[in-house]
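In: sequence plus the predicted model coming up.
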Amino acid sequence: MEDQTVAKASEPVAANDKATTARLSVQLKRLNEANGKYKSLLKLAKERIQQQEEEIETLRHETAELQSQLQQINEERSSEVAALDTNSERGGTSVDGNTTIDIFRVLQRVKVPIAATGQDEFWALIELESYSDTDNTSKRFKEWKRFDTEAELSDYIRRDSGEPLTLPPYSLSPEQSARLQSQTQSQISSATEEFRRFRVRSELARKQLDAQIRDLQNNHVQSATRRIEGNTVSQSNGILDTMSTHHQNDRSSVERLKAELAAQEAHWKDAYEALASENEALKSVGSEALLAAQWRQRYEHVLKEKEDLQSKLQTEAVRVDEESGDKYERKYRDLKESFRLYRKKAKEIFESQQRGAGTSTSILPSFAPDSSSADAKLSYLRNLMVNYLTSDPQVKDHMEGAIGTVLQFTPEEISKIVKKKADLEAWF
């Protein structure tokens, strides 16, 4: 009985030991896995470190070799320059019996101002040529040299024999280049701003001209409408027939010129639209210089076309004047002769009336029962109206004054005639 009791009491203890052992085995397994990972990482790190150490060692050897080569090159260059300094006074003779170093050319020279002393120092980039008699080889290299004066530089490159060396012009120092670049940028900015202002002014002038043209067209249309509404159809037809009879040649020339001007205006309008489209395209990419060149080219082309049209207009005006000059002269002589005859007739009638009644003080004969005065007056008026109706506008201007004097027009009537004439001229 005691054994069974002990066995029953030891069963829970054994179960707890098994659970603890299982848990410990799991933790141990995890630790072993983590330890294995750490060992593999440590191995990789060691391999990487060893590889980097090998690379560093290789680089150290290469650096040491390059430093030794650089030191050797510097020593050779120093010896060559020292030999050149010693040899320059002798015109480039042999230095050690086998090697000769000569100045081949001066590539560049710079004048650098020294702010502390207020003087200038001179730097020259000199190309040297080393020739070896041993292996018949030559080698060229470049070197900057500093000189206190320009005369020192000239003495340094002077040759006692052979062709003399030429010095290149002075190059700009970094400070001078920066200053020149700044000035250029400011000039470019000012030119760009000036071009922008010119473009704005041109656009404003174009818009003002367009507005003036529209106003003139509207005024012409309105005035023509008023004249058409104020005149009867018969009066308009009579005026048009009279003007077309006497001015057919002149009007054909004027119409032709107007057609040319209209065609030219349409051409300029098309050119402006093309330029506007090009301007918008160019402004999108910022090509201000190309835009200025194109505007200048278009302006010169339009100016040339304008001068051609002006010359054509002047030539046409001279031709019209030459054709109509003789005709106007004949009309004027006829009118003058008619007026002379009228004055003679009027003088005779006036003298007869003075002898008969002595009451008329007017220059013109009155509508009296005297048949001779009435016939003379009617004959003069008939001749005057025939000449007036068959005359050109320039001659009519002079005849209208004579008609007004003969018929004794009042100031109101004269002002009415002048106003009507101005309206007709504005309409045509």
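Out: All right, it came through fine. Residues are numbered from 1 along each chain as shown.

In: mind checking what helix or strand follows the longest helix anywhere in the chain in sequence?
Out: Longest helix in the chain, counting residues (DSSP state H): helix 2-87. Once the chain leaves helix 2-87, the next helix or strand it forms, by DSSP states H and E, is strand 99-113.

In: average pLDDT for the helix or strand just after that following strand?
Out: Where DSSP H and E defines the elements, the next helix or strand beyond strand 99-113 is strand 120-132. The average pLDDT within strand 120-132 is 84.

In: so what does strand 120-132 touch, helix or strand wise?
Out: helix 2-87, strand 99-113, strand 137-147, helix 150-157 (3 or more C-beta pairs under 8 Å, 6 or more residues apart in numbering; DSSP states H and E). Every residue, glycine included, has its C-beta placed from N, CA and C.

In: give me the angle between the last one and strand 99-113.
Out: Direction vectors for helix 150-157 and strand 99-113, defined by axes from the mean of the first three to the mean of the last three C-alpha atoms, to 10 degrees, enclose an angle of 170 degrees.

In: quick check: bridge partners of Trp144?
Out: Applying DSSP bridges to Trp144 gives these bridge partners: Leu125.

In: contacts only, for it.
Out: Trp144 sits next to 123-126 when contact means C-beta atoms under 8 Å, 6 or more residues apart in numbering.

In: where does it land on pLDDT?
Out: 87.

In: now it: how far from Leu341?
Out: 110 Å (C-beta to C-beta, to the nearest Å).

In: quick one on the thing from earlier: from the contacts of Trp144, which two are the most distant?
Out: Maximum pairwise distance in those, criterion C-beta to C-beta, is 10.1 Å, between Trp123 and Ile126.

In: identify the contacts common to those two.
Out: 144-145.

In: out of those two, which sits in the more crowded spot?
Out: Using other C-beta atoms under 10 Å as the criterion, Trp123 and Ile126 rank with Ile126 on top: 21 against 16.

In: residue contacts, that one?
Out: Residues near Ile126 by C-beta under 8 Å, 6+ apart: 103, 105-107, 142-145, 157.

In: and which of these is nearest Lys420?
Out: Checking the contacts of Ile126 against Lys420 by C-beta to C-beta gives Leu107 as the nearest, at 90.0 Å.

In: tell me how far the closest residue to that closest one other than its chain neighbours lies from Ile157.
Out: Leaving aside its chain neighbours, Leu107 sits nearest to Leu125 (4.4 Å; criterion: C-beta to C-beta, 6 or more residues apart in numbering). Leu125 sits 12 Å away from Ile157, taking C-beta to C-beta as the criterion.

In: tell me the pLDDT of Ser10.
Out: Here the pLDDT value assigned to Ser10 is 56.

In: picking up where we left off before, quick check: the residue nearest to Leu107 vs Asn218, distance?
Out: In this view, Leu125 and Asn218 are 75 Å apart by C-beta to C-beta.

In: of the two, which one has the most company?
Out: Per other C-beta under 10 Å, whichever of Leu125 and Asn218 has more neighbours is Leu125, with 16 against 10.

In: quick one: that one and Val106 touch, right?
Out: Yes: with contact defined as C-beta atoms under 8 Å, Leu125 and Val106 form a contacting pair (7.3 Å).

In: rewinding a little: could you name every residue contacting both of Leu125 and Ile157?
Out: Shared contacts of Leu125 and Ile157, defined by C-beta under 8 Å, 6+ apart, are found at Val106.

In: Arg382 versus Glu413, what's the distance?
Out: Taken as C-beta to C-beta, the span from Glu413 to Arg382 is 21 Å.

In: same question for Phe147.
Out: Phe147 sits 111 Å away from Arg382 when distances are taken as C-beta to C-beta.

In: who's more crowded, those two?
Out: Set Phe147 next to Arg382 and count neighbours by other C-beta under 10 Å: Phe147 wins out with 16 against 10.

In: my read: the more buried one touches Phe122, true?
Out: Yes: taking C-beta under 8 Å as the definition, Phe147 is a contact partner of Phe122 at 4.4 Å.

In: shared neighbours, those two?
Out: With C-beta under 8 Å, 6+ apart as the test, Phe147 and Phe122 both reach Leu153.

In: so who does Lys29 touch?
Out: Counted by C-beta under 8 Å, 6+ apart, Lys29 has zero contacts.

In: contact partners of stretch 411-421?
Out: Contacts of stretch 411-421 with the rest of the structure, by C-beta under 8 Å, 6+ apart, involve 400, 404, 409.

In: now, of those, which are buried?
Out: Neighbour counting with 16 or more other C-beta atoms under 10 Å marks 400, 409 as buried within the contacts of stretch 411-421.

In: would you turn the contacts of stretch 411-421 into a markdown table with distance to Asn35 and secondary structure?
Out: Output for these, formatted as a markdown table (distance: C-beta to C-beta, whole Å; DSSP: H, G, I helix; E, B strand; the rest coil):
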| residue | distance to Asn35 | secondary structure |
| --- | --- | --- |
| Glu400 | 132 | helix |
| Gly404 | 136 | helix |
| Phe409 | 137 | coil |
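
In: tell me which of the contacts of stretch 411-421 is nearest to Arg179?
Out: Once C-beta to C-beta is applied, the member of the contacts of stretch 411-421 that ends up nearest Arg179 is Glu400, at 77.6 Å.

In: so what are the domain limits for the chain?
Out: Per automatic domain parsing, the structural domains of the chain span 1-87, 91-171, 174-230, 231-427.

In: returning to what we had before: give me the buried subset of the contacts of Ile126.
Out: Neighbour-count burial (16+ other C-beta under 10 Å) applied to these gives 103, 105-106, 145, 157.

In: need the max-distance pair from these.
Out: Of all the pairs that the buried ones among the contacts of Ile126 form, the one spanning the most space (C-beta to C-beta) is Arg105 and Lys145, at 13.3 Å.

In: Ile403: which element?
Out: With DSSP H and E as the criterion, Ile403 is inside helix 393-407.

In: shaky segments in the stretch 151-300 of the chain?
Out: Scanning the stretch 151-300 of the chain for pLDDT under 70 picks out the ranges 160-162, 221, 224-254, 278-293.

In: same thing but at 50, please
Out: Residue ranges of the stretch 151-300 of the chain with pLDDT under 50: 231-236, 238-240, 242-243.
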